[in-house]
Every structure is written in structure tokens, then in C-alpha cells.
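1. build me a structure from this.
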Amino acid sequence: MDEAVIRSIAKWPNVPAAYGWLSLDRRGEWSVKGERITSPAIVEFIGRNYAADDAGRWFFQNGPQRVFVTLDYTPHVLRTAHAEDVLRTHTGRRLEAIYGAWVDENGALLIGCLGSVGLVHDRDLASLLPRLRDAGGAQLGDERMEAWLGGEPMEVRLHLSGAAVSVERIRSMAVPGRFAFDPTPRPRPGEPEC
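-> As a prediction, the model looks like this:
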């Protein structure tokens, strides 16, 4: 978090939080009340001050005020960096480690990272599909991938960043509960809001 933000929290500790203003879409784009934020400086500021509370509610710490984020899907959106073996979050943070991978019923690839989960950006998905391999290390290909998604038992692993992690199927509706985050944060009982 920015030092100026930390100082403002100490100076004004009881500023009510804001809900329903800021959202993150499936492509890692921020919007305020439906209007996309295009200023690189503002996008970077939000990214540096993006975190989660103990209830799994993701927020942007805007000075002394927490602005809770409505998530279209996951708390992180992942992009391949210059080398396809490196992923970065929508906030620019490089992933040093991953702990699992999941494919939902729509073919979206989710990766366990940073204590939560990230959705691989749809434009980068094709470059990562060859990294999905069976237990023998062979690429799955379209037919085998479709069979696996259809329920055929098979051990699938994602080979990325020097690791090979197990890939499981997951229903998109189960993602928030599985990864303990709240996609539509609301105030807790008795908590003031702005």
C-alpha cells in the first residue's frame, strides 16, 4: 500500500466504506458506476492499493476510505507477460508461485495464486492450452480436452513457471465459496457506508 494511503488511514481512521461503486471485469478492467477507468495513473494507484479483508471482500484503499469492489468473476485477472511462462495480475504483480488450476464449465482457466484465485484473460488462454498435459506429459489437444471437460477421468496438469500443478474441473458458481471471497461485498450489520 502507498505510504500516503497508510498515513491517511492513521489520520482519519473512521471514514465509512463505499460499496457498489467500483467493479473489476473478467478482463481486468476497472469501472466506476459502469464507466471504465482509462487513466493509467488511476489504474496503477488502484492496483497498488488493492487488497482483501478478513471476510474475503476485495477493496481499493482510497486514502482513508475503503472502496469495496464488485467482482465479475475472480479477484485477479491473469495475463501472460513477455514470456508465456510468466503470468502477471491485472495490477501488474508477477506471479512467483501457483498452487493449483481449475477449468470451469465454460472453458475458463483459473489459477490459484496470491492466497486466492485468478482468471486467465481470454486473449491469453490459447497460449496456455499447450501447457495442459496428461500424466505422461503429452499435450491434451482439443478432443482429449473436450472429453475431460465432459467428465472423462484423466489426470491433467498445468506446466507453468517451473511447476506442474494438478488441474481440476470446477463449476463457476462454486468459485467464490471454494476460494473464500465475496464477489458482491455489502456492509456488515451495523457497519456504516458511504
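
2. next, the distance between the ends of stretch 52-68.
-> 9 Å (CA to CA, to the nearest Å).

3. next one: that stretch to chain centre, how far?
-> Computed by CA atoms, centre = their mean, to the nearest Å, the chain-centroid distance of stretch 52-68 equals 15 Å.

4. quick one, domains of this protein?
-> 3-71, 76-178 (automatic domain parsing).

5. what's the span of the longest one, first residue to last?
-> It stands for domain 76-178. Domain 76-178: ends 15 Å apart by CA to CA.

6. do the same with stretch 78-88
-> Start-to-end span of stretch 78-88 (CA to CA) is 6 Å.

7. give me the buried positions along that stretch.
-> Residues of stretch 78-88 classed as buried: Leu78, Arg79, Thr80, Leu87, Arg88 (neighbour count, 16 or more other CB atoms under 10 Å). From N, CA and C alone the C-beta is placed, and that goes for glycine too.

8. burial count for Val15?
-> 16 (other CB atoms under 10 Å).

9. residues contacting it?
-> Neighbouring residues of Val15 by CB atoms under 8 Å, 6 or more residues apart in numbering: Gly63, Pro64, Gln65, Cys194.

10. what comes into contact with stretch 25-33?
-> 21-24, 36-37, 42-43, 46, 72-73, 77, 79, 89-90, 119, 121-122.

11. do you know how far Met173 is from Tyr73?
-> As judged by CB to CB, to the nearest Å, Met173 and Tyr73 stand 11 Å apart.

12. hang on, Arg57 packs against Phe68?
-> Yes: the pair Arg57 / Phe68 is scored as a contact, 5.5 Å apart, by CB atoms under 8 Å.

13. okay, and the common contacts of those two?
-> With CB under 8 Å, 6+ apart as the test, Arg57 and Phe68 both reach Pro185.

14. circling back to that earlier point, ok, of the contacts of Val15, which come out buried?
-> Here, 16+ other CB under 10 Å leaves Gly63, Pro64, Gln65 buried among the contacts of Val15.

15. returning to what we had before: can you list the domains of the chain in TSV and add mean pLDDT and distance to Pro187?
-> TSV is the format used below for these (pLDDT from 0 to 100; distance: least, CB to CB, whole Å):
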stretch	mean pLDDT	distance to Pro187
domain 3-71	90	6
domain 76-178	91	18
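
16. quick one: closest of those domains to Thr184.
-> Among the domains of the chain, domain 3-71 comes nearest to Thr184, with 5.5 Å by CB to CB.
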